[in-house]
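> Fold the following and give me the result.
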Amino acid sequence: MNQFSQIEIANWIAIYLAAGMCCAIAMVLSVSVTLHGLWQDRAWQDVRSVRGAVLFLPKAWWRWQKLYLLSTPVTLIIVSYFAATMTWS
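Below is the predicted model:
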């Protein structure tokens, strides 16, 4: 750890915390929008049959996954901009 100064270590920790916070926010928002969409579509009505119950989880997972992955560019931009504003020396 001698190759990093205290400022660089603090900056890397701050970047990891910022990325974690952005991912947590993206997770909460994507789960909320997914649940709202499932509620609005009344998707639980399809779970009455065995086939509907088996297909419900992959449909819900795919809906959530698309929303969460759409947040990746925003997270990268926010964290990159945050890293660019730091003093590294």
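
> what does the one helix or strand in the chain whose mean pLDDT sits lowest contact?
In the chain, the helix or strand scored least confidently by mean pLDDT, DSSP states H and E is helix 50-70, which has a mean of 91. With C-beta atoms under 8 Å, 6 or more residues apart in numbering as the test, helix 50-70 has contacts from 26-27, 29-31, 33-34, 37-38, 43-44, 46-47. The way it works is simple: take the backbone N, C-alpha and C, and place the C-beta from them, glycine included.

> Likewise for stretch 73-89?
Applying C-beta under 8 Å, 6+ apart, the contact partners of stretch 73-89 are Ser5, Ile7, Glu8, Asn11, Ala14, Ile15, Ala18, Ala19, Cys22, Cys23, Ala26.

> Tell me the pLDDT of the second one.
What that stands for is Ile7. We have a pLDDT of 92 for Ile7.

> Start at 35, not 1
In the new count, where the first residue is 35, that last one comes out as Ile41.

> can you count the residues close to it?
12 (other C-beta atoms under 10 Å).
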